[in-house]
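Q: structure of the sequence below:
(one chain, ligands or ions: 1)
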Amino acid sequence: MFSRFKALRNYSKHEVEKLKSSRVAIVGLGATGSVIAENLARHGANLLLVDRDYLEPNDCYSSNIYTPDQCEKSLPKAKAAEKELSKFTDVKAVVESLHPENTDILDSVALVMDGTDNLEARHLISEYCQKEGKPWIYTSALGEKGYSMFFRQKCFNCIFEDINTGKLETCETSGIMRETSTIAAAKSSLKAVEYLSDREVGEKLETVSGEEFDVDDGECKVCDRKDYLRLNSKRQTVAVCGEKKYQVEKQVSESGPEKLKKVADSFTENEYLVRAEVEGRSFTLFNDGRAIIEAEDKGHAEAIYSETLGI
Ligand SMILES: [Zn+2]
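A: From the prediction side, this is the model:
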């Protein structure tokens, strides 16, 4: 199965075995993360798949591993990916967002792959990895731009310190070109394969067109001063890449899904979540009490959550 890979660049049996015995976390399983997951699964690396979201029809555009049937059923991305990729390797799925209180789910992996769609999540991954001395690989794709970078000594704050996250483009405003996201994901997958095979990987920001940029050596408040702002914060309501959707991190009792179904205009459900329409707004409640709600802003989403579920 791996002979074609082994023939490349003189990868030794030991290096291939090391890759296959590693476990890699992929956080976020959209246009980039799902491609990385498939690439690494086909190389035989063991995977930990972390994603908070469920499948919608447009996920069949941006990813190769999800089937139209899975998108139709609103399956959690982590579970749908687990089902497909378990055919190749050992896969564990976590249907949760990565937040400051559960980063320990990454403790057992050798490498973290960023498949997220927002800077806050990337800063959190970076701070965790910087603190734990664990390498990670950044991947992003927006419109026709795409980037990939391996981090080990440096951190995300070294290159993105002064950017106001609220004013940046998101996939909501820029869209995703699947060819671009696939190239960025392939570049990051290659870096992962090289790192897991004990090869040297440089810490340069690489674009999809192959340009490489060095990172300045100035003082960084995360690397140098150990100021872990995201890691030391509380989990909170956050915007989800999509049309005015927010994730509310509250817990409800076991009666939550029943309450939601009672007030819903319509709903569909699977073993992981209830996806309802309430007064014309999409309201998806996961089994752990977390919800993704269509709303005007964060406060509005929290109000809808409380009013709808009566807490
Ligand atoms: Zn830094």
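Q: how many other residues sit next to Lys73?
A: Look at Lys73: counted by other CB atoms under 10 Å, it has 16 neighbours. Every C-beta, even on glycine, is put in place using the N, C-alpha and C of the backbone.
Q: who touches it in this structure?
A: Contact partners of Lys73, counting by CB atoms under 8 Å, 6 or more residues apart in numbering, are Leu55, Thr268, Asn270.
Q: if you set the cut-off to 6 Å instead, what comes out?
A: Counting by CB atoms under 6 Å, 6 or more residues apart in numbering, Lys73 makes contact with Asn270.
Q: name the nearest residue to Asn157, ignoring sequence neighbours.
A: The shortest distance from Asn157 to any non-neighbouring residue, by CB to CB, 6 or more residues apart in numbering, is to Val222 (4.2 Å).
Q: sorry, that was for Asp114
A: Closest residue to Asp114 apart from its sequence neighbours, by CB to CB, 6+ apart: Tyr138 at 5.0 Å.
Q: would the one you found count as being in a strand?
A: Yes. Counting by DSSP: H, G, I helix; E, B strand; the rest coil, Tyr138 falls inside a strand.
Q: who does it bridge with?
A: Met149 (DSSP bridges).
Q: just the pLDDT for it.
A: Note for Tyr138: predicted pLDDT of 97.
Q: if I look at Lys77, how far off is the ion?
A: Per CB to the ion, to the nearest Å, Lys77 is found 30 Å from the ion.
Q: so what's that residue up against?
A: Counting by CB under 6 Å, 6+ apart, Lys77 makes contact with Leu29, Asp51, Asp53, Leu55.
Q: same thing but at 7 Å, please
A: Counting by CB atoms under 7 Å, 6 or more residues apart in numbering, Lys77 touches Leu29, Asp51, Asp53, Tyr54, Leu55.
Q: break this structure into its domains for me.
A: With domains defined by automatic domain parsing, the chain comprises 3-213, 238-309.
Q: mind checking which of those domains is nearest Asp227?
A: domain 3-213 (8.8 Å; CB to CB).
Q: run the chain-centre distance for the closest one.
A: Domain 3-213 has its C-alpha centroid displaced from the chain centroid by 7 Å (CA atoms, centre = their mean, to the nearest Å).
Q: now do the contacts for the residue nearest to Asp114.
A: Residues in contact with Tyr138 (CB under 7 Å, 6+ apart) are Asp114, Arg122, Tyr147, Ser148, Met149, Phe151, Phe156.
Q: out of those, grab the one that's most surrounded.
A: Highest neighbour count within the contacts of Tyr138: Asp114, with 29 neighbours (other CB under 10 Å).
Q: that one against His123, yeah?
A: No. Using CB atoms under 7 Å, Asp114 is not in contact with His123; the gap is 10.4 Å.
Q: thinking again about what came up before, out of the domains of the chain, deepest packed?
A: domain 3-213 (a mean of 19; mean count of other CB atoms under 10 Å).
Q: any idea which element Lys79 lies in?
A: In the assignment (DSSP states H and E), Lys79 maps to helix 77-85.
Q: swap in Glu277?
A: Using DSSP H and E, Glu277 maps to strand 273-278.
Q: thanks a lot, catch you later.
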